[in-house]
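Q: Got a sequence here, can you build the structure:
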Amino acid sequence: MKVNHNSELYTNCVFLGGTCADSTWRKELISKLKDSVPYFDPQVPDWTPEDAEREDACKLVSGINVFVITGDALSTYSGFEISEEAHRAPEKLVFATVGELPANQVKGIKKIKKALRSKGCRVCESLDEIAEILNQAY
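A: As a prediction, the model looks like this:
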C-alpha cells in the first residue's frame, strides 16, 4: 500500500531510503511486500526541494526506515542519513547492501554494518530478509 507522495500521513509507514539513480531495488522489494505494508518511495524522476521536505518528514514519523545501498550509488548523502537515523532511532533502522559493491567500498561497508549492529540496528543481507521483517511488522 503505497503512501501518497502528497499525503502528510506518513505515520508508521516504511521509508525506503538509500540508492536511487537507476537502481531497481525498491521495485523488487515492493513486489515482495504484503498489501498491508504502507511504504513511502522517495525515488522520483526529478528531485525537488519539496521532495526532500517530504522525505525528511516521513523519516521522523515512519515505523521503519529501510536503507539499501547498491553498487549503483552515485551519492554519499545516504551515508549521512543512515548515520543520522542510527543515532536518532536505531530500533527503526533496517540496512542492507544489495548486489556487487565496488571493491574499494567492501571493507568500509563491512565496518558500517558492524557499527550499525552494535547500535541495535537491523542489518540484512538480502531484500528477502528485509521483506520478511516488514511483512511480519505489518
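
Q: I'd say Y39 and Y10 touch.
A: No: with contact defined as CB atoms under 8 Å, Y39 does not count as touching Y10 (10.0 Å). Where C-beta positions appear, they are placed from N, C-alpha and C, glycine not excepted.

Q: Walking through this structure, point out its strands one by one.
A: Counting by DSSP state E, the chain has strands at residues 14-18, 39-40, 64-70, 93-98, 122-124.

Q: low-scoring pLDDT stretches of the protein, where are they?
A: Across the chain, residues meeting the criterion (pLDDT under 70) sit at 1-9, 74.

Q: make it 50
A: Residue ranges of the chain with pLDDT under 50: 6-7.

Q: residue contacts, D72?
A: Shown in contact with D72 (CB atoms under 8 Å, 6 or more residues apart in numbering): T19, A21, D22, S23, G99.

Q: Of those, grab the buried ones for PyMOL.
A: The PyMOL command for the buried members of those (criterion: 16 or more other CB atoms under 10 Å) is given here:
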select buried, resi 19+23
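
Q: Which member of the contacts of D72 is positioned nearest V66?
A: When these are ranked by distance to V66 (CB to CB), T19 comes first, at 11.5 Å.

Q: That concludes my questions; thank you for your assistance.
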